[in-house]
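A.B. asks: how would this look folded up:
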Amino acid sequence: MKFTIKILTSIIFVAAMGISTSAGTMEDQALGQLRSFGSFKDVEAATKIPVPEYAPARDIFAETPACSILNAQFIMKPFIKDALSMLKPCLAGVSKITGNVQISAGAVKNDKAIEIAVLGGKNEAVKELIRASLAKRNNAVFGYPATAVLHVAFPL
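C.D. replies: Predicted structure coming up:
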């Protein structure tokens, strides 16, 4: 009885999957495909995906002397326009270090957050450096939530 149920289940499964069994069992077909590669090691090598080595994220703000202001503690949270003016020399220094990539900062979300924009589609790495540096500062600059984004062009 159990054997009959197993066969029926197999037939239903094969019919549902649309697998042809005319060339032998699925196991025979799989073994034939493996043999066509030559060896099991060839199959393993063909399916191996290269994984890049882990590289710890750089803190680009720590490498830029003008960004030392980001580590300062304030008694009161500065106004957003003051925070942006203090951030401007830092971003100019980061731009210089990263090969004169255009970087700007602006207020977003009704002046409740700061967005650091990196210009150019090929500057994803610079954006990721800034994002990693912000993450080390709890994604905040001068008490305001901050994000790094990549822009194709700066808004006028």
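A.B. asks: disregarding flanking residues, what is the spatial nearest neighbour of residue 69?
C.D. replies: residue 86 (5.4 Å; Cβ to Cβ, 6 or more residues apart in numbering). Quick note: C-beta positions are derived from backbone N, CA and C, even for glycine.
A.B. asks: pretty sure the one you found sits in a helix.
C.D. replies: Yes - Residue 86 forms part of a helix when assessed by DSSP: H, G, I helix; E, B strand; the rest coil.
A.B. asks: measure it to residue 144 for me?
C.D. replies: Between residue 86 and residue 144 the computed distance is 11 Å (Cβ to Cβ, to the nearest Å).
A.B. asks: domain map for the chain?
C.D. replies: 2-47, 60-151 (automatic domain parsing).
A.B. asks: ok, of the ones you listed, where does mean pLDDT dip lowest?
C.D. replies: Out of these, domain 2-47 stands lowest, with a mean of 52 (criterion: mean pLDDT).
A.B. asks: where do the strands sit along this structure?
C.D. replies: Listed in chain order, the strands of the chain (DSSP state E) span 103-108, 113-119, 140-141, 144-151.
A.B. asks: mind putting these into a markdown table with mean neighbour count and distance to residue 67?
C.D. replies: Below are the strands of the chain laid out as a markdown table (neighbours: other Cβ atoms under 10 Å; distance: least, Cβ to Cβ, whole Å):
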| stretch | mean neighbour count | distance to residue 67 |
| --- | --- | --- |
| strand 103-108 | 18 | 12 |
| strand 113-119 | 20 | 12 |
| strand 140-141 | 19 | 10 |
| strand 144-151 | 18 | 13 |
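A.B. asks: which stretches in the chain count as helices?
C.D. replies: 2-17, 26-37, 40-47, 60-63, 80-97, 124-135 (DSSP state H).
A.B. asks: and the fifth one, what does it pack onto?
C.D. replies: Packed against helix 80-97, as judged by 3 or more Cβ pairs under 8 Å, 6 or more residues apart in numbering; DSSP states H and E, are the following elements: helix 60-63, strand 103-108, strand 113-119, helix 124-135.
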